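1. show me the folded form of this:
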Amino acid sequence: MSAVTAAKAAAPTTPTSGGAAPARPRRKRVPALWKHKALYLMAVPGILYFILFKYAPMGGLVIAFQDYLPFLGIGGSPWVGFDHFVRFFSEDTFYILLRNTLMISLGMLIFSFPVPVILALLLNEVRTKWFQRSIQSVVYLPHFLSWVIVVSIFYVLLTTDGGSVNNLLVSWGFDPVPFLTDPDWLRPMYIFQEIWKGAGWGTIVYLAAMTAVDVQLYEASELDGAGRLRQAWHITLPAIRPTIIVMFILAIGDFLELGFEHMFLVMNSLNRDVADIFDTYVYTAGIENGQLSYAAAVGLFKGLVGLILVVFANRLAKRFGEEGVY
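-> Okay, the predicted model is just below:
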């Protein structure tokens, strides 16, 4: 055998397209959990919070299907099935609560939801940075106040016994207006307080979304002769549309979740007919009257309605080409 033939025999053969590739040494793969361990460690407190205070308490919803007695516990209380739900839906109270909750919730969606978007658009057009930040801080400040302080401020302003607004009306020759006790004024006052307290937080969210808008789009539109209004309508609003849709879906999920604390503070014996909502009724039935299973059934109904609304709104958003919440 010649030297050339021996060299060819000793040389490694290259696999063809039809043959099997030679086995490669396995590389040590780093688990994704360990690779991003810092991010997971940062998320641990939030995950534990939701597990302990959001998901774990959901096990107590089983009392909605029991005649729960505290001294017997969940395991020893008798099972009644859907009796509490049948009772709730068959009472006239259900329709009163549904009417009051829906009217306030619709008012919140119509009047309260657009306010942060409008404020963000207006602040985005302010070119003086210190003035923009000052207005932004003033608008955002009420978000840090508790509802006790907010309602107390409005009580001082609106009470007929020396309130600033009624004193001004009397000085102009008008009769004092019972803002705090007249049922017709409860819903407008409630919605206005929600706007005053919560508009600043939503404004911050939309302003943050506006920072991602490409500045070159505004420059190109200026060359085409577009003014500030057209730029806001055709550039800014379409750019923050995904954020608006996400916030709207979250607002839909809270459609029946108006909040107990706020309504409990503005409610009194004179406006209870229009102020009593699902949240206050759960407190009255569960805490004041001791009907824990019945109150749990009412709360479970409210939560299921919110879940259904979120799923429906998210699917509707995806059908129109948006990302949605999940």
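
2. ok, the closest residue to M189 other than its chain neighbours - contacts?
-> Spatial nearest neighbour of M189, excluding adjacent residues (C-beta to C-beta, 6 or more residues apart in numbering): F179 at 6.0 Å. C-beta coordinates here come from the backbone N, C-alpha and C atoms, glycine included. If you count contacts by C-beta atoms under 8 Å, 6 or more residues apart in numbering, F179 has them with 158-159, 163, 165-166, 185, 189.

3. helix or strand: which one has F179?
-> Applying DSSP states H and E as the criterion places F179 outside every helix and strand.

4. same deal with F71?
-> Going by DSSP H and E, F71 is not in any helix or strand.

5. and for it, the neighbour number?
-> F71 has 6 neighbours, counted by other C-beta atoms under 10 Å.

6. what's the answer for T101, then?
-> When neighbours are counted by other C-beta under 10 Å, T101 registers 23.

7. check which residues of whatever helix or strand it lives in are buried.
-> Here T101, judged by DSSP H and E, is contained in helix 92-107. Using 16 or more other C-beta atoms under 10 Å as the test for burial, helix 92-107 gives 94, 97, 100-101, 104-105, 107.

8. reformat the contacts of F179 as TSV; add secondary structure, distance to G253 and neighbour count.
-> Below are the contacts of F179 laid out as TSV (DSSP: H, G, I helix; E, B strand; the rest coil; distance: C-beta to C-beta, whole Å; neighbours: other C-beta atoms under 10 Å):
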residue	secondary structure	distance to G253	neighbour count
L158	helix	31	18
T159	coil	35	17
G163	coil	36	20
V165	helix	35	16
N166	helix	38	20
W185	helix	28	16
M189	helix	25	18
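
9. pick out the residue closest to the middle of this protein.
-> Centroid-nearest residue in the chain: L250, 4.1 Å away (criterion: C-alpha atoms, centre = their mean).

10. that older thread, using PDB, list the CA coordinates for the next helix or strand after the helix holding T101.
-> As assigned by DSSP H and E, the chain's next helix or strand after helix 92-107 is helix 114-124. Extracted in PDB, the C-alpha atoms of helix 114-124 (Å, rounded to 0.1, in the frame of the first residue of the first chain):
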ATOM      1  CA  PRO A 114     -60.600  59.500  30.300                       C
ATOM      2  CA  VAL A 115     -59.300  62.200  32.700                       C
ATOM      3  CA  PRO A 116     -55.800  60.700  33.200                       C
ATOM      4  CA  VAL A 117     -55.400  60.400  29.400                       C
ATOM      5  CA  ILE A 118     -56.400  64.000  28.800                       C
ATOM      6  CA  LEU A 119     -54.100  65.200  31.600                       C
ATOM      7  CA  ALA A 120     -51.200  63.200  30.200                       C
ATOM      8  CA  LEU A 121     -51.800  64.700  26.800                       C
ATOM      9  CA  LEU A 122     -51.900  68.200  28.100                       C
ATOM     10  CA  LEU A 123     -48.800  67.800  30.300                       C
ATOM     11  CA  ASN A 124     -46.900  66.200  27.400                       C
END
